[in-house]
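Undergrad: Structure, please.
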Amino acid sequence: MSEAVTVALLSALTRRGWTLGVAESLTGGALCAEFVSVPGASKVLLGGVVAYATPVKATVLDVGTELLAAHGPVHPQVARQMADGVRRVVSVDGLAADVGLSTTGIAGPDSPDGQPVGTVHIGIVTPEGSSTKALHLSGDRDAIRTHTVTAALAALLEMVSE
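TA: Residues are numbered from 1 along each chain as shown. Predicted coordinates:
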């Protein structure tokens, strides 16, 4: 990963006075680990949730059960709802995190729902709006997970640096 991107992202969030919550599925905690590898991350990062199992996305992060039933866990709206839900989950003193960042996708080697391995969605929710980013990655499981972390950091940096 690029520590420079993570440092720049944490600096941008700090300048805005925004806190962060992270919800992960296929990255399994790697995205949070990237943040905490930088000294001072605790000024911004409130916490994270690894919602690896589909039902946890609904019960912990409030992803709509109808959405999950209709489209499965790898869908742009699932990513958006995960990003929004984690803001509440990591709230401190009744205040939700300002920013939510999420990853959901299929790292392989097989696809449980028929979507191609390497299908990934990143969700971002900030006080100024929300977005999703779809990725179609190739490579082995580790490469897909690693590239997802890098892409999530870059997508959030682009959104908060504007």
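Undergrad: Tell me which residue is most central in the protein.
TA: Centroid check for the chain by C-alpha atoms, centre = their mean gives residue 102 as the closest residue, at 1.6 Å.
Undergrad: Pairing partners for the helix or strand it falls within, with directions?
TA: Counting by DSSP states H and E, the element that carries residue 102 is strand 99-105. As defined by DSSP bridges, the strand partners of strand 99-105 come to strand 20-24 (parallel), strand 119-126 (antiparallel).
Undergrad: Assess the claim that the residue nearest to the centre of the chain and residue 23 are in contact.
TA: Yes. Taking contact to mean C-beta atoms under 8 Å, the distance of 4.1 Å between residue 102 and residue 23 places them in contact. Quick note: C-beta positions are derived from backbone N, CA and C, even for glycine.
Undergrad: Between those two, which contacts overlap?
TA: By the contact definition C-beta atoms under 8 Å, 6 or more residues apart in numbering, residue 102 and residue 23 are jointly contacted by 82, 83, 86, 123.
Undergrad: any idea how far residue 46 is from the residue nearest to residue 105 when sequence neighbours are not counted?
TA: Excluding its sequence neighbours, the residue lying closest to residue 105 (C-beta to C-beta, 6 or more residues apart in numbering) is residue 120, at 3.2 Å. Plainly put, residue 120 is 24 Å away from residue 46 if you go by C-beta to C-beta, to the nearest Å.
Undergrad: Counting neighbours, go ahead and name the busier of these two.
TA: When neighbours are counted by other C-beta atoms under 10 Å, residue 120 and residue 46 differ, and residue 120 comes out ahead with 27 against 20.
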